[in-house]
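# below are the sequence and a predicted model for it; my questions follow.
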Amino acid sequence: MPSSADKLTGGGKLKNVECLFTWDVDKDDISDLKGVPEKLLHRIKFYPRKYHATYFNILAFVSHLQGKADTALEYLGNSEALLKEDKRDEADFLVTYSSFAWLHHHLGNLDDMETYLGKLKSTCEGREIAVEAEKGWSFLRLGAKLYPRAKESFQKALEAKPDSVSYNVGYAVVLYRLEELVRKDAKVKPKDSLAAKQLQRALDLDPTNAEVMVLLALKLQHLNPSKSRELIHKALTECPDTPQITRYIATYFRREGSTNESLEIFEEAAKRAPNSSFLYHQIGLCHWQKMIDMKSDGLSAGGTEVKAARAESIRFFQKTVELKPSNTYAWVHLAEAYKESGQLERAEPIFTRLISDESLTDADQQHCHTKYGNFLMYQRKNNAKAIEQFKKAYKIRIDCGNRSLARQRLMKLAGQKSKMRAKEGAWLFCLK
């Protein structure tokens, strides 16, 4: 595990080494450590070659965290070879050479460490900008906890090179991700979205970037539907078989209410990425929406088609949490699917485990308390315990739909109590 002590070892020779091993990234900062390698290998397979060296450097760091030193060295070798083949600028080698120096020191290969420290001495011009850009891409690919650091790094890189295509694209993607982290009912309106403006800027600089196209399409979906549709169809033409692109496109169609179209795209993408928890979650949500639509159309909750859709949603939510146990929303969806199918004994343990998980963010805790309160109120008919959950949700001062719902439920239950007291009072009066 990289630590501040590691940076100052080797007689202080590593104190100026710049790489993921020295940027204070811990295992706990990476939300899906097991899933990162597959995502990056998919990007290496489907995305532009100019980013591959960065991905190999990240893979090396993750391999080190997983105790796979030989694999880490192999990935760094791939990064160095790629940079040489593409005749990249000296500054582009800095992070790869730094990673090699740190890792060789960590493994006790001091001669190899000296070799790479020697190579680092020749990479002077453009060091700071190259480091900030590499930080931005690395933090972006390692998960949500590091998005704020990615944003800061891209901002610094853009101050030096405001017209850089790569830096503008990276900044646009991280702004999109940060805005998406805001709860649905508190999201930035499209017309006020910094991400939408930056995505348009990135697309102006790189008109063939399909990922930027689909992210901008999602931002403009309800503000400018015709432009949004145009971007989606262009992205499909540019990258019809890229899993990352198709999953965004499927999300677009699901938001449009085109559940079957979305489901087809997600299922095709899942064939190419069979270990993607995201895709299985989306497939589960599509089946869940199909069930809701069928019930809205008057089909019986006990009917064959409704039951089949509900069973499929359970199956895919189960796959999701197996692949990514940290996905709180998938766990809640699974609990609600169990509840819908009458399996209350399977639903409740999920809720009780989630509400006792101290590692959850305040927003996630609020979400879980509200959902469990609903379960207790409507399925268990236990208003006293439901009130406890709604109170806990309401006390978390994040003003969003969950807090509003918790307040509504508390007022409803308080009203019911008042009516009960009034009835009891009238009954006692009659006895006098």
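Ah, there it is.
# just the element for residue 294, please.
Secondary structure from DSSP states H and E places residue 294 in helix 277-296.
# now the following helix or strand past that helix: buried residues?
Next helix or strand after helix 277-296 toward the C-terminus (DSSP H and E): helix 304-323. By neighbour count with 16 or more other C-beta atoms under 10 Å, helix 304-323 contains the buried residues 306, 309-310, 312-314, 316-321, 323. Every residue, glycine included, has its C-beta placed from N, CA and C.
# what separates helix 304-323 from the chain centre, distance-wise?
Averaging C-alpha positions (C-alpha atoms, centre = their mean, to the nearest Å) puts helix 304-323 21 Å from its chain's average.
# after that helix comes which helix or strand?
helix 328-340.
# any low-confidence regions in the chain?
1-11, 123-126, 183-187, 417-432 (pLDDT under 70).
# could you chop it up by domain?
When the chain is parsed with automatic domain parsing, its domains come out as 1-147, 162-240.
# adding distance to residue 396 and mean neighbour count, write those domains out as TSV.
What follows is the domains of the chain, written out as TSV (distance: least, C-beta to C-beta, whole Å; neighbours: other C-beta atoms under 10 Å):
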stretch	distance to residue 396	mean neighbour count
domain 1-147	19	18
domain 162-240	12	18
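# and of the ones you listed, who's closest to residue 343?
Smallest distance to residue 343 across those (C-beta to C-beta): 26.7 Å, for domain 162-240.
# re the thing from before, which residues make contact with the helix holding residue 294 from outside it?
For helix 277-296, the surrounding residues in contact (C-beta atoms under 8 Å, 6 or more residues apart in numbering) are 32, 35, 243, 247, 250-251, 254, 259-260, 262-263, 266-267, 269-270, 273, 301, 303, 305-306, 309-310, 312-317, 319-321, 323-324, 327, 329-330, 333, 337, 340.
# ok, back up a step: now render the domains of the chain as JSON lines, adding distance to residue 389.
Output for these, formatted as JSON lines (distance: least, C-beta to C-beta, whole Å):
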{"stretch": "domain 1-147", "distance to residue 389": "26"}
{"stretch": "domain 162-240", "distance to residue 389": "18"}
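# what's the closest of these to residue 402?
domain 162-240 (7.5 Å).
# span of the closest one from start to end?
31 Å (C-alpha to C-alpha, to the nearest Å).
# how far off centre is it?
Taking mean C-alpha positions (C-alpha atoms, centre = their mean), domain 162-240 and its chain are 16 Å apart.
# okay, helices next: where are they in the stretch 101-250 of the chain?
110-121, 127-142, 147-160, 165-181, 194-205, 210-220, 225-238, 243-256 (DSSP state H, counting those that start in this stretch).
# now what about the fourth one, what contacts it?
Around helix 165-181, the neighbours that count as contacts under C-beta under 8 Å, 6+ apart are 50-51, 133, 136-137, 140, 144, 147-148, 150-151, 154-155, 157-158, 161, 187-188, 193-195, 198-199, 201-202, 205-206, 209, 211-212, 215, 218-219.
# quick revisit: indicate which one of the helices of the stretch 101-250 of the chain is closest to residue 20.
Nearest to residue 20, of the helices of the stretch 101-250 of the chain and by C-beta to C-beta, is helix 127-142 at 5.7 Å.
# the closest one packs against which elements?
In terms of contacts (3 or more C-beta pairs under 8 Å, 6 or more residues apart in numbering; DSSP states H and E), helix 127-142 is packed against helix 36-46, helix 52-65, helix 94-107, helix 147-160, helix 165-181.
# got these as TSV, with distance to residue 291 columns?
Output for these, formatted as TSV (distance: least, C-beta to C-beta, whole Å):
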stretch	distance to residue 291
helix 36-46	30
helix 52-65	38
helix 94-107	48
helix 147-160	33
helix 165-181	25
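# which one of those helices lies nearest to residue 83?
helix 52-65 (5.2 Å).
# and the angle from the closest one to helix 36-46?
160 degrees (axes from the mean of the first three to the mean of the last three C-alpha atoms, to 10 degrees).
# tilt between helix 52-65 and helix 94-107?
Using the same axes, to 10 degrees: helix 52-65 against helix 94-107 is 20 degrees.
# list the contacts of helix 52-65.
1, 19-21, 25, 27, 30, 33, 36-37, 40-41, 43-44, 69, 71-73, 75-76, 78-79, 82-83, 88, 92, 95-96, 99, 103, 106, 134, 137-138, 141-142.
# and the next helix or strand past that helix?
helix 69-85.
# who are the packing partners of that following helix?
By 3+ C-beta pairs under 8 Å, 6+ apart, helix 69-85 packs against helix 52-65, helix 94-107.
# hey, C-alpha coordinates of the last one in PDB?
Extracted C-alpha coordinates of helix 94-107, given in PDB (Å, rounded to 0.1, in the frame of the first residue of the first chain):
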ATOM      1  CA  LEU A  94       7.100  10.800 -16.800                       C
ATOM      2  CA  VAL A  95       4.300   9.000 -15.000                       C
ATOM      3  CA  THR A  96       5.300   5.600 -16.500                       C
ATOM      4  CA  TYR A  97       8.900   6.000 -15.500                       C
ATOM      5  CA  SER A  98       7.900   7.300 -12.000                       C
ATOM      6  CA  SER A  99       5.700   4.200 -11.600                       C
ATOM      7  CA  PHE A 100       8.600   1.900 -12.600                       C
ATOM      8  CA  ALA A 101      11.000   3.600 -10.200                       C
ATOM      9  CA  TRP A 102       8.600   3.400  -7.300                       C
ATOM     10  CA  LEU A 103       7.600  -0.200  -7.900                       C
ATOM     11  CA  HIS A 104      11.200  -1.400  -8.400                       C
ATOM     12  CA  HIS A 105      12.200   0.300  -5.100                       C
ATOM     13  CA  HIS A 106       9.200  -1.300  -3.400                       C
ATOM     14  CA  LEU A 107      10.300  -4.700  -4.700                       C
END
